[in-house]
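1. Sequence plus predicted model, see below.
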Amino acid sequence: MSAGPLFRRVTVIGLGLIGGSFAAALRERGLAGTVVAGSRSARTLEQGMALGLIDEGSQDLALAVRGADLVFVSTPVSAMEAVFQALAPGLAEGAIVTDGGSVKGAVIEQARRTLGAGFARFVPGHPIAGKEKSGVEAADAELYQHHRVILTPVADTDADAARRVAELWSALGAEVLTMAPEHHDRVLAETSHLPHLLAFSLVDTLARQGDSTEIFRYAAGGFRDFTRIAGSDPVMWHDIFRENRQAVLDALDLFSDGIERFRRAVSDQDSEAMMGIMSRANTARAHFLAMNTRSSYTRARHSDDETGMTHDSDPTFVVSPGGRLQGRLRVPGDKSMSHRSIMLASLAEGSTEISGFLEGEDALATLQAFRDMGVVIEGPHNGRVVVHGVGLHGLRDPGKPLYMGNSGTSMRLLTGLLAGQSFDTELTGDESLSKRPMERVAAPLREMGAVIDTGEGGRPPVRIHGGHTLKGIHYHLPMASAQVKSAVLLAGLYAEGATSVTEPAPTRDHTERMLTGFGYPVGRDGATATVHGGGALSGGRLDVPADISSAAFFLVGASIAEGSEVTLPHVGVNPTRTGVIDILKLMGADIRLENQRDAGGEPVADLVVRSAPLKGITIPEELVPLAIDELPAVFIAAACADGETVLRGAEELRVKESDRIQVMADGLATLGVEHQVYEDGIRIVGGAFGGGQVESHGDHRIAMSFAMAALRAGAPITIHHCANVATSFPGFATLAAGAGLALDVQGAAVPAGEGS
Ligand SMILES: O=C(O)C1=C[C@@H](OP(=O)(O)O)[C@@H](O)[C@H](O)C1
Ligand SMILES: C=C(OP(=O)(O)O)C(=O)O
């Protein structure tokens, strides 16, 4: 792939891994007319020629840069000043000089001292890439692909020179970021230099002990993982610690404070402090990686900040046609209840032990937000979470934006709850969430006295200004939305007087039920729910049943695939959630509720479903809010039914993780299912259909719905961008394949390399 030469003649000074890979990539992509190397070592130049990386080479650096329009200096940072000095006399007027040093402040000062007038066209840079190998033999034309390159121009850096260097790195496949040199040096000191220093120091400390052979003999995986980077090049790291001295010392001081806090917790046997430190650390890594890539935890786990890799994996589901579903399938915990369990347990007095918690990314985003606000939360381990409640007024300023990932419920409910706090907060989300409407919650909260800004078009980020007194209101919901209802009720806990919400149609009432379970009274009168501010919640035990929204894929799958019989134990069957069962039964499905019981204020049952011939229906509009998340799966049932199915009054589907009407229609079109799209719904004509390539647009429910469609398709269905299935249903692919769906997950992550 070539964008044509961006530079006529490029000189690379220092032909090691970084410089050699740069030369290799330039040549492979045809981005430079001629590639020249300057090196003190004749042998390195010979190797560079032999490997075909360069056209010419010189040991005289001034000669090497003669006529070059770009010079890339990739020597160790301690050698750079001498290199700049040596090459300066040969620099052509207008030549751009850039570098690859891991420390920026010091290198900029060296360049300022030595390059004279040429300093204005010096563009400081740092490709965050590398691997354990070094030297020109390790040169790799792909080294910079999907890696970050940080440019740190200063006030007198020529803007055109900076733009051209950025353009070149982008053409090499890198992601280019720009930041101030001090910022770069501080961030790198904390994220790279400090860990290296700690690893060197720990190994050295233990090695100097009398019984070090003993220690190293029994050194287990933890020691090996933690100290792997102590094998890095001492010369290079010596230079970095020397040149980035102040930032490294600051990072070390920060760390000393942290280790002292931990030491105190251990010495005082302060379990809560210890659990707090460790449980925050436990999830923080995945959380921050996700936040940085604005992606899901699953994907972020495969991208690595140490190497600057931005590669992420977004698996594809390939589902072969046919098969049937069988077995007893325990689907994960209810997402709506899992969110609320963390929120209310955090605001309660005392601890709450939650079982059945959904360890999916949406619920984990809520959990992380409360950790960020100072709540100590243990787990989750196998669905068990212990929340040490801080009371209604015990949350602390997180001091940074709270990342909600893909989760609309987290962002909307938290907006209500945070409106009543004394501190400011900002809520951000991934690409999909950043497109979803937030004024629907901001508007009623403003009526209560909250001060909230939303981003462009009323979308995220949402900024909530704390410290404002809230007053109770009576709000008539303009749309049937449990999220808006819940946001207003949660703000009502902090408001003066009564806050009530009247809904146009029944929506899920988990907030009302769970508040009651935590001992906070909620008044209910027909379509109106009311809370009074100033009460208190008390912690206890909470069981989250299996999620009917996740069960829905198996209700549909088992209904449409002949010879299927599936039991889904312990599913929440709150009447505000069972629309999908009612709709499927109207279509002729064979679904039985067995062993009905109450679990902490929520009805649960085992669902038994057998395949049955389905017929098309007109879906009663009052069932729409009661089946809102299950409608994509219902579309698949409709495609397999005899006759046509009509859905109206479902315009809310257009503002979910994707426009679920259009995205489902596009997928149905691919399969050859006859349909007609309405602004607020769809008409689907059932019949035989084929396979093809379906785009889920990163929407979990679209991906899982089309996976089930394969049970009746005439050819394989390939579904793209399925990582977000983990937002609501981690383990879906394994469970579905175990039950009989011919599902293959493709596109696993590529492990990241090493770097400094
Ligand atoms: O309150 C909740 O937990 C939810 C409410 C619904 O959203 P709306 O309130 O936007 O309808 C639903 O789609 C979402 O998955 C979860
Ligand atoms: C719409 C959904 O969730 P949320 O609004 O929380 O993103 C869903 O899970 O289908």
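-> That came through, no problem. Ligands and ions are numbered 1, 2, ... in the order given.
2. which parts of the chain sit against ligand 1?
-> Within the chain, the positions adjacent to ligand 1 are 336, 409, 481, 482, 483, 486, 508, 628, 629, 652 by Cβ under 6 Å from any ligand atom. (Each C-beta comes from the backbone N, C-alpha and C, glycine too.)
3. For the residues you listed, pick the one with the most neighbours.
-> The residue in the residues of the chain next to ligand 1 with the most neighbours, by other Cβ atoms under 10 Å, is residue 486 (30 neighbours).
4. Please give me every residue in contact with it.
-> When contacts are counted by Cβ atoms under 8 Å, 6 or more residues apart in numbering, residue 486 touches 340, 412, 413, 416, 511.
5. From the residues you listed, which land in helices?
-> Judged by DSSP state H, those include 340, 412, 413, 416, 511 as members of helices.
6. need the residues you listed in CSV with distance to residue 585 and pLDDT, can you?
-> CSV is the format used below for the ones in helices among the contacts of residue 486 (distance: Cβ to Cβ, whole Å; pLDDT from 0 to 100):
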residue, distance to residue 585, pLDDT
340, 28, 98
412, 31, 98
413, 31, 98
416, 35, 98
511, 27, 98
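7. so which of those residues would you say is closest to ligand 2?
-> Compare each of these with ligand 2 using Cβ to the nearest ligand atom and the shortest gap goes to residue 412, at 7.5 Å.
8. number of nearby residues for the closest one?
-> For residue 412, the count of nearby residues is 26 (other Cβ under 10 Å).
9. Let the chain start at 14 from now.
-> That works, and once the first residue is 14, the last one we named lands at residue 425.
10. Skip the chain neighbours and tell me the closest residue to it.
-> Closest residue in space to residue 425, ignoring its immediate chain neighbours: residue 496 at 4.0 Å, by Cβ to Cβ, 6 or more residues apart in numbering.
11. which phi and psi does the closest residue to residue 585 other than its chain neighbours have?
-> Distances taken as Cβ to Cβ, 6+ apart place residue 558 nearest to residue 585, at 3.9 Å, with adjacent residues excluded. Dihedral pair for residue 558: phi -70, psi 170, per degrees, to the nearest 10.
12. Nearest residue to residue 639 in space, please, no chain neighbours.
-> In this structure, residue 639 finds its nearest non-sequential neighbour in residue 592, 3.1 Å apart by Cβ to Cβ, 6+ apart.
13. Show me the shaky parts of the stretch 114-263 of the chain.
-> 143-146, 223-233 (pLDDT under 70).
14. Pick out the residue of it closest to ligand 2.
-> Of all residues in the stretch 114-263 of the chain, residue 188 sits closest to ligand 2, at 27.1 Å by Cβ to the nearest ligand atom.
15. Surely residue 611 is in contact with residue 617?
-> Yes: at 7.4 Å, residue 611 counts as touching residue 617 under the criterion of Cβ atoms under 8 Å.
16. Among the two, which residue is more densely surrounded?
-> Between residue 611 and residue 617, counting by other Cβ under 10 Å, residue 617 is the more crowded of the two (24 against 8).
17. Now name the helix or strand holding the more buried one.
-> Following DSSP states H and E, one finds residue 617 within strand 615-623.
18. tell me what that strand is packed against?
-> When contacts are defined as 3 or more Cβ pairs under 8 Å, 6 or more residues apart in numbering; DSSP states H and E, strand 615-623 packs onto helix 561-573, strand 578-585, strand 603-612.
19. Quick check: beta-bridge partners of residue 475?
-> Beta-bridge partners for residue 475, by DSSP bridges, are residue 440, residue 467.
20. out of everything not next to it in sequence, what's closest to the residue of the chain found nearest ligand 2?
-> For the chain, the residue closest to ligand 2 is residue 421, as judged by Cβ to the nearest ligand atom, at 2.7 Å. Ranked by Cβ to Cβ, 6+ apart and with sequence neighbours excluded, the top spatial neighbour of residue 421 is residue 449, at 5.6 Å.
21. residues near the one you found, how many?
-> Residue 449 has 18 neighbouring residues, counting by other Cβ under 10 Å.
22. show me where the stretch 414-563 of the chain has helices.
-> Taking DSSP state H, counting those that start in this stretch to define them, one finds helices in the stretch 414-563 of the chain at 421-431, 452-460, 495-505, 523-530, 561-573.
23. Just put those in TSV and tack on distance to residue 626.
-> Shown next, in TSV, are the helices of the stretch 414-563 of the chain (distance: least, Cβ to Cβ, whole Å):
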stretch	distance to residue 626
helix 421-431	36
helix 452-460	40
helix 495-505	34
helix 523-530	34
helix 561-573	9
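24. Of all those, which one is nearest residue 372?
-> helix 561-573 (12.6 Å; Cβ to Cβ).
25. Run through the residues that contact residue 20.
-> For residue 20, the contacting residues are 44, 45, 46, 82, 83, 177, 181, by Cβ under 8 Å, 6+ apart.
26. Between all of the residues you listed, which two are at the greatest distance?
-> The span of these, defined through Cβ to Cβ, is set by 46 and 177 at 14.7 Å.
27. more neighbours, these two?
-> Each of residue 46 and residue 177 has its neighbours counted (other Cβ under 10 Å); residue 177 has more, 18 against 14.
28. Let me know the helix or strand that that one is in.
-> If you go by DSSP H and E, residue 177 is part of helix 172-184.
29. Quick check: buried residues in that helix?
-> 174, 175, 177, 178, 179, 181, 182, 184 (16 or more other Cβ atoms under 10 Å).
30. residues touching the second one, list them.
-> Read it as residue 175. Contacts of residue 175 by Cβ under 8 Å, 6+ apart are 136, 164, 166, 191.
31. filter the residues you listed down to the ones near ligand 2?
-> Counting by Cβ under 6 Å from any ligand atom, no member of the contacts of residue 175 reaches ligand 2.
32. So which of the residues you listed are in helices?
-> In helices, judged by DSSP H, none of these are found.
33. If you rank these by neighbours, which is first?
-> Among these, the one with the most neighbours (other Cβ under 10 Å) is residue 136, at 25 neighbours.
34. Look up the residues forming beta bridges with it.
-> Here residue 136 sits in beta bridges with residue 111, as judged by DSSP bridges.
35. That one is in contact with residue 110, isn't it?
-> Yes: between residue 136 and residue 110 there is a contact at 7.3 Å, judged by Cβ under 8 Å.
36. Is any residue of the host helix or strand of residue 644 near ligand 2?
-> Residue 644 belongs to helix 644-652 when elements are defined using DSSP H and E. No: using Cβ under 6 Å from any ligand atom, helix 644-652 never reaches ligand 2; the gap is at least 8.5 Å.
37. what does the stretch 664-769 of the chain put close to ligand 2?
-> Within the stretch 664-769 of the chain, the positions lying close to ligand 2 (Cβ under 6 Å from any ligand atom) are 669, 670, 714, 741.
38. thinking again about what came up before, what's opposite the residue of the stretch 114-263 of the chain closest to ligand 2 in the beta bridge?
-> Going by DSSP bridges, residue 188 forms beta bridges with residue 161.
39. what's near enough to touch it?
-> Contacts of residue 188 by Cβ under 8 Å, 6+ apart are 159, 160, 161, 162, 323.
40. now residue 582
-> With contact set as Cβ under 8 Å, 6+ apart, residue 582 has these partners: 341, 343, 559, 619.
41. so which pair among those is furthest apart in space?
-> Spatial extent of those (Cβ to Cβ) is set by the pair 341 and 559 at 11.6 Å.
42. Which positions in the helix or strand residue 48 falls within come out as buried?
-> Element membership of residue 48, judged by DSSP H and E, is strand 45-51. By 16+ other Cβ under 10 Å, the buried positions in strand 45-51 come out as 45, 47, 48, 49, 50, 51.
43. Could you list the low-confidence segments of the stretch 264-413 of the chain?
-> 299, 303-325.
44. residues from it in reach of ligand 2?
-> Near ligand 2, when you scan the stretch 264-413 of the chain using Cβ under 6 Å from any ligand atom, you find 348, 375.
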